[in-house]
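In: All I have is the shape, not the residue letters:
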């Protein structure tokens, strides 16, 4: 109620300006791609302070692992081969989609593999590791995860809801005319399911059936009493994308009726940012534990010669997950290579973010599409020690002032544009934990909001300074 009263005071011009709390999830940035030629990525943050990263290698012949104390550090961390395919028989070909988990004091790696005499006899297998550091652990093969049928099956992942451990995976149901559907079962132990698996989703929608009829690569994130299961659909080219299923955490997750499927993809290719075929994701958390991070692979080009599975250039990427007011995740678009973007919320109108609308910069709540409110903070176009704010979904377009109004416009290469689009980053004028942006070519003028539009103006009152203060998220 106090926040509402303070906000009303700002809008009416009475009293002192409202104050937002410092965001629960402050900005985190990373530089993409995180790893070249690494598909189906899985990053696990352990209690020992390390992130563990594994992924499919393009040779499909081994399981690799690296660790670092930061997500970005995984990019240059030493990579260790912890297991190599068999020279004959099962587990002898197509080593795909490893995931690493820590369960009841031991490490487990879930992966898919074919056989030397039938590379497409893909099944799910488990390794168990003993030792505190999985890079040097002793690994034991626990064998195949047995399911209802001996059919094409892959992409096992495990998660816990309300103390119950589950396995989700993709498998060919012989009664269906498709490649794979999604299944879920409870687990008796880390390598054995129990009960009758539930079929949660079949590829029936138009965007799930391009090239191949596929639902695969399930990954789970939980928040606010909801369980969200993302999955990948269609062929592994530019049509590859993420869909999402949703269930209540209190429901019977093994009842398919507990799950609802979104009608549209939640994450797909972007011509604007030159990112194609984003998919086979996992989730991790930021170093401070306050942001959810989407981990996925894609390619930087659309056209592929031959079978996409033979193209080695899927690369691991990361970006922050945002949450809508209704409690559902918003993945936005696969952002451009380089530093990941941020969002900027208003200090004194806490639910509103800087965004562009018809190229005019403004404040707005519940921004859709998300990328309209994302900006990359890059070195200033006009001077060292300064910054420019580049639109996430219009690369090459920047926040700039024109007649002291703030717009998003394409860099025309002129000195005037560079100056207008360059700012000095200052500690927040109303809260030092926030940010204020001072004009490079009009010192003393700051980006501030008035009637929810952005301007570059001189400031004189406490309300002015509050209007010119933002939080990075």
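Out: Right, received. Where do you want to start? If you're wondering where the values come from, they're calculated on a predicted model, not measured in any experiment. Numbering: from 1, shown residues only.
In: Across the sheet, point out what pairs with the residue most central in space within the chain.
Out: Central residue of the chain (C-alpha atoms, centre = their mean): residue 294, 2.0 Å from the mean position. Going by DSSP bridges, residue 294 is paired in beta bridges with residue 283, residue 319.
In: Surely residue 120 touches residue 152?
Out: Yes. Under the criterion of C-beta atoms under 8 Å, residue 120 makes contact with residue 152 at 7.0 Å. In short, each C-beta sits where N, CA and C put it, glycine included.
In: between these two, which one's more packed in?
Out: Looking at residue 120 and residue 152 with other C-beta atoms under 10 Å, you find the greater number of neighbours at residue 152, namely 18 against 9.
In: residue contacts, residue 251?
Out: Residue 251 makes contact with residue 258 under the criterion C-beta atoms under 8 Å, 6 or more residues apart in numbering.
In: okay, now residue 250: neighbour count?
Out: For residue 250, the neighbour count with other C-beta under 10 Å is 12.
In: what does the one 5 residues further on give?
Out: Using other C-beta under 10 Å, residue 255 has 12 other residues around it.
In: Identify the residue nearest it in space, chain neighbours excluded?
Out: Of all residues not flanking residue 255 in the chain, residue 198 sits nearest, at 6.7 Å (C-beta to C-beta, 6 or more residues apart in numbering).
In: Report whether that neighbour is found in a helix, as I expect.
Out: No. Going by DSSP: H, G, I helix; E, B strand; the rest coil, the assignment for residue 198 is strand, not a helix.
In: For residue 379, see how far away the residue nearest to the centre of the chain is.
Out: Summarising the geometry, the distance separating residue 294 from residue 379, computed by C-beta to C-beta, to the nearest Å, is 26 Å.
In: Pull out the buried positions in stretch 206-217.
Out: By 16 or more other C-beta atoms under 10 Å, the buried positions in stretch 206-217 come out as 208, 209, 210, 212, 213, 214, 215, 216, 217.
In: And the strands in the stretch 201-350 of the chain?
Out: 215-223, 226-233, 241-248, 260-261, 276-285, 292-299, 315-323, 329-330, 338-339, 344-346 (DSSP state E, counting those that start in this stretch).
In: How about the contacts made by residue 293?
Out: For residue 293, the contacting residues are 28, 43, 71, 283, 284, 285, 286, 318, 319, 320, 321, taking C-beta under 8 Å, 6+ apart as the criterion.
In: Just list the residues touching the closest residue to residue 168 other than its chain neighbours, thanks.
Out: If you skip the residues right next to it in sequence, residue 168 has residue 218 as its closest partner in space, 4.1 Å away by C-beta to C-beta, 6+ apart. Contacts of residue 218 were listed using C-beta under 8 Å, 6+ apart, and they are 155, 157, 168, 169, 170, 182, 229, 230, 231.
In: Select, from the residues you listed, the two members most distant in space.
Out: Set against one another by C-beta to C-beta, the contacts of residue 218 have their most distant pair in 169 and 230, with a gap of 14.0 Å.
In: Identify the residues contacting the helix or strand harbouring residue 126?
Out: Applying DSSP states H and E as the criterion places residue 126 in strand 118-130. Identification of contacts with strand 118-130 by C-beta under 8 Å, 6+ apart yields 63, 82-83, 90-91, 93-94, 96, 106-115, 137-145, 147, 150, 152-156, 169, 190-191.
In: mean confidence for the helix or strand that comes right after that strand?
Out: Tracing the chain past strand 118-130, the next element assigned as helix or strand by DSSP H and E is strand 138-144. Mean per-residue pLDDT for strand 138-144: 98.
In: Contacts made by strand 138-144 with the rest, please.
Out: Among residues not part of strand 138-144, those counted as contacts by C-beta under 8 Å, 6+ apart are 82-83, 90-91, 108-109, 123-131, 190-191.
In: Try it again at 7 Å.
Out: Strand 138-144 is touched from outside by 82, 83, 123, 124, 125, 126, 127, 128, 129, 130, 131, 191, with contacts defined as C-beta atoms under 7 Å, 6 or more residues apart in numbering.
In: Got a PyMOL select line for the buried ones in the residues you listed?
Out: A single PyMOL command is used to select the members of those judged buried by 16+ other C-beta under 10 Å:
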select buried, resi 82+83+123+124+125+126+127+128+129+191
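In: From the contacts of strand 138-144, pick the one nearest residue 298.
Out: residue 124 (24.3 Å).
In: Against residue 87, how distant is that closest one?
Out: Separation of residue 124 from residue 87 (C-beta to C-beta) stands at 21 Å.
In: mind listing what residue 320 touches?
Out: Applying C-beta under 7 Å, 6+ apart, the residues near residue 320 are 28, 291, 293, 340.
In: Looking at those residues, spot the one nearest residue 436.
Out: Nearest to residue 436 among those, with distances taken as C-beta to C-beta, is residue 28, at 20.6 Å.
In: So for that closest one, what pLDDT did the model give?
Out: The predicted structure lists residue 28 with a pLDDT of 98.
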